[in-house]
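*Asks:* Structure for this input, please:
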Amino acid sequence: MTCSWPMVNCLTMAILAPEPSPLARDGSGVIRIAGTRVSLESLVSAYRTGPSIENLKEAFPDLSQSDIHMSVAYYLSHRQEVEEYLAERQHQAEAVEAEIREQFPEAYQRVTPSR
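*Replies:* Predicted coordinates:
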């Protein structure tokens, strides 16, 4: 960016430039924090348990503090859409589990805890 005097305008332009979202869909449709294997699902799940951003940074050391803040802000600003996405992911996981249970009942019984 080229700036001319007054310098305040240059700083204002830099401050007001929107940050790109750190979220991206991978090839299988999972929303991840861009450049990592951390899913939005994992981060939101951990966030819901109440840890601070600093604790999330400890839990997800591959993420920058900025990416954590922006991802949590996205979740809070788009809660309904994210909740719908998470519900769909849960539905998909349950469907896969049911398919595995049906195709491999003996193996499934060995790996699931008694209820």
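
*Asks:* Can you name every helix or strand that the longest helix along the chain contacts?
*Replies:* Determined from DSSP state H, the single longest helix within the chain is helix 79-103. Secondary-structure packing of helix 79-103 (3 or more C-beta pairs under 8 Å, 6 or more residues apart in numbering; DSSP states H and E): helix 40-48. Backbone N, C-alpha and C define where each C-beta goes, glycine included.

*Asks:* where does this structure have low pLDDT?
*Replies:* Within the chain, the set of residues satisfying pLDDT under 70 comprises 1-17, 108, 111-115.

*Asks:* hmm, 80 instead?
*Replies:* 1-19, 107-115 (pLDDT under 80).

*Asks:* If you drop the residues flanking it in sequence, what lies closest to the most centrally placed residue in the chain?
*Replies:* By C-alpha atoms, centre = their mean, the chain has its centre lying nearest to L40, at 1.4 Å. Spatially, and ignoring its direct neighbours in sequence, L40 is nearest to I31 (4.2 Å; C-beta to C-beta, 6 or more residues apart in numbering).

*Asks:* who's in contact with the one you found?
*Replies:* By C-beta atoms under 8 Å, 6 or more residues apart in numbering, the contact set of I31 is L23, A24, R25, S39, L40, E41, Y85.

*Asks:* run the last query once more with 7 Å
*Replies:* By C-beta atoms under 7 Å, 6 or more residues apart in numbering, the contact list for I31 reads L23, R25, S39, L40, Y85.

*Asks:* Next up, phi/psi of it, please.
*Replies:* Dihedral pair for I31: phi -80, psi 120, per degrees, to the nearest 10.
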